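K.L.:
requesting a structural model of the entry that follows:
(chains A, B, C and D)
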There are 2 protein chains.
Amino acid sequence: MFRQDGFHAEMAKTEPPRRRTRSPGAAVTLEMVAREAGVSPSTVSRILNGTARVRDAKTVAVRAAISRLKFTPNPVARSLARGKSAEVGVVIQSIDSPFYGEALAAIEKALIRAGYSALFVSGHWRESDERKSIEHLISRRVGGIILVTSCLADEELLRLARTTPLVLTGRRLAGPNLYAVDVDSTPGARLATDYLLDQGHRRIAFIGGSRDHPDARQRLAGYRAALAARRLPLQPRLMTDGDYSEAGGFQAMTRLLEQGQKFTAVFAANDQMAYGAMLALHRRGLKVPQDVSVVGFDDLPTSSYIVPPLTTVHRSINELGDAAAEAMIDLIEQLPPVAKVSAPTLAIRDSTRPLRA
Amino acid sequence: MFRQDGFHAEMAKTEPPRRRTRSPGAAVTLEMVAREAGVSPSTVSRILNGTARVRDAKTVAVRAAISRLKFTPNPVARSLARGKSAEVGVVIQSIDSPFYGEALAAIEKALIRAGYSALFVSGHWRESDERKSIEHLISRRVGGIILVTSCLADEELLRLARTTPLVLTGRRLAGPNLYAVDVDSTPGARLATDYLLDQGHRRIAFIGGSRDHPDARQRLAGYRAALAARRLPLQPRLMTDGDYSEAGGFQAMTRLLEQGQKFTAVFAANDQMAYGAMLALHRRGLKVPQDVSVVGFDDLPTSSYIVPPLTTVHRSINELGDAAAEAMIDLIEQLPPVAKVSAPTLAIRDSTRPLRA
DNA sequence: GATTATTTTGAAAGCGCTTGCAGAACCTAC
DNA sequence: GTAGGTTCTGCAAGCGCTTTCAAAATAATC
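P.N.:
All right, here's what the predicted structure looks like:
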């Protein structure tokens, strides 16, 4: 009834306008390859996946057919048949931070190299958002999820790992089907504080991140450890928290200044807060480093170009991303994951100076 | 032979160690829903997709079954059956730039809202990399590709659009199955230059981007237009190019200074280059804005927190990302794409000051 | 050369969902 | 009531690949 009769066209108004676009090039299937090579589809599949030995002659014929037809296996069909996809979800908190951007780039690269793809979503530092993002990924049936500095509680993560391989960064946690890339920030923070101490500073303010963030706690721990090692007392008055943003750093420093605290140096738990702090100092007419030395953490690309260039803790984000991706792949392929990241270093630039005794 | 007989286990050594993990929770299928609701799978599918009218009673029963079983359709199976996936690829040049990060976040949000996912890859400003990334996406059978400031030539893009819906940003191009979100940078650049002129500056240096980038050309065009409107001659000596990075801006400014050029203001084609330029000025002992006013373009989040806070052209990247995503969805769903982005504004901060006559 | 152990292969049954087709159920109108 | 129209709904055939299972081909053994 709905044959091609042109004069019945008006009846077709309920039909959706979408027509099946059968692009001629992209539609090479495994079956076509099989026919072309004179073997069965199963054989082609086996050659493709190395799932079984196949006579050399056939292998050659199939390979030839594949390249002749320019065949690429359809990953969707493959995922369906295998029951698992070659996609891994990556949840990042705020993609607009250059720090995470770099990590994401590294993760993406490593994943693609191994034949996976990165399905990306963001969590905005909010538990609810993160949970929603994770659900989205799960409903998309990803093969695993990488959480770059998750906000979620340990138990929740462990529970999650029961259904999907999980890789975490920025926290320590052990469990089945789960791997935490160990990037303890304590040593880096220690390094920064020690440097300031070495330069003769004694009253060193600290601008930290949110206390309920494992990573932020580590940065604080490094600061404390450095002071403790020299038997210097911790001065709560000199410590305040920001939220890892420029605005947070600005406010934190403003607070410190308004309270009339005296200090000759400040260690900010990340570069963005250091920027904000520097602006606050500037607004009060204080010069960096003449009046106050500033040290940050992360070494964002911009940090060597601000005025004055920022002394800061450098870690290879690339390595971190790489490690996370590798661990994920290992988890998916049921191998014992290993990951190593090299030690942090201190990039010494112009925002610090020795305190003359 | 390979039944469950335990004592034959040693024969199974050729079997891969991977076992089919049948997580009990995630495996609800449409068929189970159908059975639970006492209807056929087709009916469930139709209800899910609204592809046909279904008796109310059944609809209710099915909906109940769905929520009782907590069913989520398997997107992989769906993609396979429909022949197209709900994933759109996003190619971004350098994710580690905060500018693109923001755009990516916006794109992601809009895509997810519409039920799609963002498959992300990066191009690193290199044609070859970009081409490879695109191929990766195509082999993954994405439903469409968004190219955020592509490096590729028009013809290549048009060719590409024949097989996959394409959305571009940062350039103008028209063609079937392709949509370019129009974000002409000329007006923004004009705005910035006009402002400097209004402040009395006459010798305004220009640090541009790569000439073979449409977007960079627009920024240059805006600068020229502003000068031309006041019948001021273009001074090639005051113009030099960077590569949109802090380092590039630094070098460009250094070059200008070494050539002994005189200017009271500089307009950098993006914020990152402005940062670099400011550092170069600082290194020469020149103060911003006392000696030289600086204007940037992009309004990165950091720009309001550097010292001094940067006067710069602001555009809603959010809107841009949104527009790109919306256009993509329209393209995929075969609707005429429309996209509107609001006009740029100038964020006036402390890096500029009026030139006293 | 017959028999048995091995290795290769193909047929076929899915993976979970969509969709064309045609029969079933339900309405109108005569 | 019954013919003629509509509106639901189920059947069954895919989508392109993987993976049993068992038959076919080859190699090994006596």
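
K.L.:
residue A:262 and residue A:201 touch, don't they?
P.N.:
No. At 11.8 Å, residue A:262 does not count as touching residue A:201 under the criterion of Cβ atoms under 8 Å. C-betas here are computed from N, CA, C, even on glycine.

K.L.:
quick one, which of the two is more surrounded?
P.N.:
residue A:201 (23 against 9; other Cβ atoms under 10 Å in any protein chain shown).

K.L.:
the more buried one - that's part of a helix, no?
P.N.:
No. Membership of residue A:201 in a helix is not supported by DSSP: H, G, I helix; E, B strand; the rest coil, which gives coil.

K.L.:
quick one, what contacts it?
P.N.:
Residue A:201 sits next to A:264-265, A:293, A:355 when contact means Cβ atoms under 8 Å, 6 or more residues apart in numbering or on different chains.

K.L.:
what about the residues you listed, which are in helices?
P.N.:
When these are checked against helices using DSSP state H, none is located there.

K.L.:
which of these ranks first by neighbour count?
P.N.:
That'd be residue A:265 among the contacts of residue A:201, by other Cβ under 10 Å, with 28 neighbours.

K.L.:
that residue contacts residue A:352, correct?
P.N.:
Yes. Counting by Cβ under 8 Å, residue A:265 touches residue A:352, with 7.1 Å between them.

K.L.:
near DNA strand C, which residues of chain A show up?
P.N.:
Within chain A, the positions near DNA strand C by Cβ under 7 Å from any atom of the strand are A:2, A:38-43, A:46, A:52-55, A:57-58, A:77, A:80-81, A:83.

K.L.:
still on that earlier bit, pick the one among the contacts of residue A:201 closest to chain B.
P.N.:
Among the contacts of residue A:201, residue A:293 lies closest to chain B (Cβ to the nearest Cβ), at 15.1 Å.

K.L.:
then the helix or strand harbouring residue A:155 to CSV, C-alphas only?
P.N.:
For residue A:155, the host element (DSSP states H and E) is helix A:154-161. The C-alpha trace of helix A:154-161 is given here as CSV (Å, rounded to 0.1, in the frame of the first residue of the first chain):
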residue,chain,number,x,y,z
ASP,A,154,35.0,5.1,50.0
GLU,A,155,32.1,2.7,50.6
GLU,A,156,30.2,4.1,47.6
LEU,A,157,33.2,3.6,45.4
LEU,A,158,33.8,0.1,46.7
ARG,A,159,30.2,-0.8,46.0
LEU,A,160,30.5,0.7,42.5
ALA,A,161,33.6,-1.3,41.8
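
K.L.:
pull out the buried positions in that helix.
P.N.:
A:157-158, A:160-161 (16 or more other Cβ atoms under 10 Å in any protein chain shown).

K.L.:
one more: stretch A:135-142?
P.N.:
A:136-138, A:140-142.

K.L.:
most widely separated two among those?
P.N.:
A:136 and A:141 (11.0 Å; Cβ to Cβ).

K.L.:
all helices for the stretch 51-200 of chain A, in order.
P.N.:
A:56-69, A:75-82, A:98-113, A:127-139, A:154-161, A:186-198 (DSSP state H, counting those that start in this stretch).

K.L.:
residue B:188: which of those is closest?
P.N.:
Here helix A:98-113 is closest among those (Cβ to Cβ), at 22.2 Å.

K.L.:
tilt between that closest one and helix B:127-139?
P.N.:
Interaxial angle, helix A:98-113 versus helix B:127-139 (axes from the mean of the first three to the mean of the last three Cα atoms, to 10 degrees): 60 degrees.

K.L.:
so which elements touch helix A:98-113?
P.N.:
strand A:87-92, strand A:117-122, strand A:144-148, helix A:317-332, helix B:98-113, strand B:117-122 (3 or more Cβ pairs under 8 Å, 6 or more residues apart in numbering or on different chains; DSSP states H and E).

K.L.:
are any of the residues of chain A next to DNA strand C buried, and if so which?
P.N.:
A:39, A:43, A:46, A:54, A:58, A:77, A:80.
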